[in-house]
Structures are given as C-alpha cells and as structure tokens.
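Asks: could you look at this predicted model? Sequence included:
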Amino acid sequence: MCQKDEEWTIHFLNKSLLIRAKWALSASIPPISDAGILIKNGIIAEVGTFRELKKYNTYPTKDLGECILLPALVNPHLHLELSALKGKLPQGEGFVAWVREMLALRPQLKERDMQFSAEKEAEKLKAQGVFALGDISNTLITKEIFEKKGFMGWLFKEILSPELPSEFLPEFVLPSAHSPYTTPANVIKKIKAICNRKKGIFTIHCAESKEEVEFLKYGTGELARLLEERGKLKELTSPGRHPVEYLYELGVLDEKTLLVHCVYIGKREIELIKRAGAWVCLCPRSNVYIGVGRAPAEKLFKAGVKLCLGTDSLASNYDLSPLKELAYFLETNSWCSPLKALPFITLNAAQGLRLKNLGDIAKGFRACFVRLSPDNSFYFLFDKELK
Ligand SMILES: [Zn+2]
C-alpha cells in the first residue's frame, strides 16, 4: 500500500465543481467508467459519464486522473477507547477466555494512554476516508476526539448494568446496550426508548458466542459461571430464549436497530431479524481473533437482511480499517464480490446508523469520497472486477 494515507480522502465541502475520475463506484448503481460528478455546494448534483456531464463545463473542473473513486467509508461498530489494548488479548482461545483477560486488563489502563491510542487511531481513520462512526464507549473519553476530528455518526455510551441510562446526553451521544447477557431487560427497553426519541439507532452485541446462546437459553455454561463469580446473576436471569428471540419479544428489534455479530444464529433467528427489518453488523476479523466462529453471512444476505461490516475494537482486531475488513470478508466469502460488498462499508453502514445522504456516489449525497490510486493495494481489489 504505497499511497499515502492523506491522499485517500477527498471531500468538497461547500464547493461547486465538476470532477472526473477513471472509475466511480456507487453503492447503488453499476460502476461508471470515465466518470463525471457535478458537485454543487458540497452536495452531489449529478452523476454520469464525463461526456454526459460536459455540458456543465462552466463549472471549475478537476480531473482526478487514474483512480477509483469510492463513496465515503463508514465504520458502524468500533470501540476507539480500547485502542490501547492492541495486541494484548489472547487470540483464538474462545470467548470466555477473551472476556476474562479483558476484565483483568481493562482496569489497568490509564486514561491518558487510552486517549492517546484512541486519537492516533482516529487520525488513521480520517486519513483513510472514514467519515462516520458508530463508536462504543463506556467512559466517553473519546467524546472530544469524536468532535475534534469532525466524525459524523454516533458515540454510544454503553450500559452494562442495572443502572438506567441518562436522558441528558449530548446531541450526538446515544446510550447503547452491551449485550443480552449483561444488560437487564428493563434497561434494554429504556435505552431503546431514548434512542427512538433522539431519532438515533439502538445497537447491541448479540449472539456473538455459543456461550452467550447457552446462557440465554438454559442459564448454564462457562458464561453463567463467569457471571456468577462476578455476582451478576442476581440482576440477570436466563430468559429461556435465544438472544435474537429474546430481543424480538422485548420489542426492541426493528429497522432502527443494529445487531452486532450474529455469529450463532440459525434459520429461525434470520427470519425474525428479517421480519423486524433490523440491521446486522458483522465483524468477521474480530470473530476469528477471539475464536468464536463465523457468522452465516451468505444466508443472511440471501434472506435479504441488511448487512454492514464493522471492525470492533483493537482488543480483538489488528486495525480499524473498513477496507481491510472488507478484503478479509471477501477472502472468506467466495460467494460475494467487491462490488456486492461495497455497500457494507458505505451506504448500508451509513443507513444502519440512520445517517442520511452519506455513503454513496449519487444525487443528493454529500461530496465525500475515497480516492484509490493504482499504487494502493485496494485499487486491485476493485479493478479486477472492472475490466
Ligand atoms: Zn463491540
């Protein structure tokens, strides 16, 4: 990857001009060769071939040359504040071993180190064309970074306890539930109500491990033992249901819900997710890092479930790059193609977070792009499909 990070991102805020690129890849229409994009006041006004748009030659014209233009990237699920844990947690030892190590290491982190690592990773994301985030935080120490870097999207204040979330959070901050095995039912419902009132998205980790499913269905297993050791079983009882069925029955699954992981789900759960219209964020590299298995991505896709891709945190991944997550997803899902999967890190990821006019190269969308030049390794990921 020779292309310098700072050359990836292009945004034409408040500008009016006509741009030309060798290729423009929209998330909703077929690729356009020798593309022309008319931008008025920072918003895409027209998209077509450069020849079709030549009539607008009274606008200043910028030729981006030999490149593939992608829509703005979105990482809909990450935990910037855990960036200081990069490389510190065990790989492939399974979910409960990973959680135990996380619980041991997390209290040792110093706030200053957490902020420093989070800021470094946020800079990388900005440089690589990630314009919006769904960033999960327990401490809100990333609030300032989120604002300073000008990310769109949401900062989620994650709740893991019986404590009810505050209604009084900054405009871009929403409460989120950690999981069906840590966040009590009444708290999950309250979080969902606040997210609805703020016209935001309700998000929760769900069906990440077989231990989670066992605990929710039967109240047994390694996760039950861990929760008991930590004195949590007083406030959390097993509902006797699969996590997806449980959330469905609580009434919190709908088109304003983003379920994260969904590794251990079958036909019935896919049907419930589809019926509810909920979004699913897959985190394939995090799942393989921890050693929990692989989500049934093809079944979800073919059932018509709306999918996006997130990286989760550096406690279970090597970087926070949506393009690297996409490349790994394609390596392990031969049924899919780069063009089919591009919306997972652009338009679907934006819509999964309820962000309007972001993540596509189409009329009415913000003029934010990622420019891949031929010396960028991701150029070839797409280029091989374009010939
Ligand atoms: Zn997560």
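Replies: Looks like it came in fine.
Asks: quick one: low-confidence ranges for the chain?
Replies: 1-6 (pLDDT under 70).
Asks: which residue ranges make up each domain of it?
Replies: Under the assignment automatic domain parsing, the domains of the chain span 5-71+363-386, 73-352.
Asks: go through the ones you listed and pick out the most buried.
Replies: Per residue and on average, the most neighbours among those fall to domain 73-352, with a mean of 20 (mean count of other Cβ atoms under 10 Å). Where you see a C-beta, it was placed from the backbone N, CA and C, and this is true even at glycine.
Asks: and the end-to-end length of it?
Replies: Distance between the two ends of domain 73-352: 13 Å, counting by Cα to Cα, to the nearest Å.
Asks: and what of stretch 174-191?
Replies: 8 Å.
Asks: same question for stretch 84-99.
Replies: Counting by Cα to Cα: the opening and closing residues of stretch 84-99 are 16 Å apart.
Asks: what segments of the stretch 151-300 of the chain are strands?
Replies: Listed in chain order, the strands of the stretch 151-300 of the chain (DSSP state E, counting those that start in this stretch) span 152-159, 173-177, 202-206, 257-261, 279-282.
Asks: can you list contacts of the last one?
Replies: Looking back up the chat, that one is strand 279-282. Strand 279-282 is contacted from outside by 76-77, 134, 201, 203, 255, 257-262, 273, 295, 297, 300, 305-310, 329, 344, 348-349, 351-352, using Cβ atoms under 8 Å, 6 or more residues apart in numbering.
Asks: strands paired with it, and their directions?
Replies: According to DSSP bridges, strand 279-282 forms sheet pairs with strand 257-261 (parallel), strand 306-309 (parallel).
Asks: pipe these into JSON lines and attach distance to L89 per row.
Replies: Converted to JSON lines, those look like this (distance: least, Cβ to Cβ, whole Å):
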{"stretch": "strand 257-261", "distance to L89": "16"}
{"stretch": "strand 306-309", "distance to L89": "21"}
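Asks: looking at those strands, which is nearest to S33?
Replies: Among those, strand 306-309 comes nearest to S33, with 26.2 Å by Cβ to Cβ.
Asks: secondary structure class for the residue of the chain most remote from its centre?
Replies: In the chain, T58 marks the outermost C-alpha relative to the chain mean, sitting 39.2 Å out by Cα atoms, centre = their mean. With DSSP: H, G, I helix; E, B strand; the rest coil as the basis, T58 sits in coil.
Asks: which helix in the protein has the most residues?
Replies: The helix that spans the most residues within the chain, counting by DSSP state H, is helix 111-127.
Asks: sheet-wise, list the partners of the next helix or strand after that helix with their directions.
Replies: Past helix 111-127, further along toward the C-terminus, the next helix or strand under DSSP states H and E is strand 130-137. Pairing partners of strand 130-137, with direction, according to DSSP bridges: strand 73-78 (parallel), strand 152-159 (parallel).
Asks: and strand 130-137 with strand 202-206, angle?
Replies: Taking axes from the mean of the first three to the mean of the last three Cα atoms, to 10 degrees, strand 130-137 and strand 202-206 form an angle of 70 degrees between their directions.
Asks: spatially central residue in the protein, please.
Replies: A centroid search over the chain (Cα atoms, centre = their mean) returns P76, at 2.0 Å, as the residue closest to the centre.
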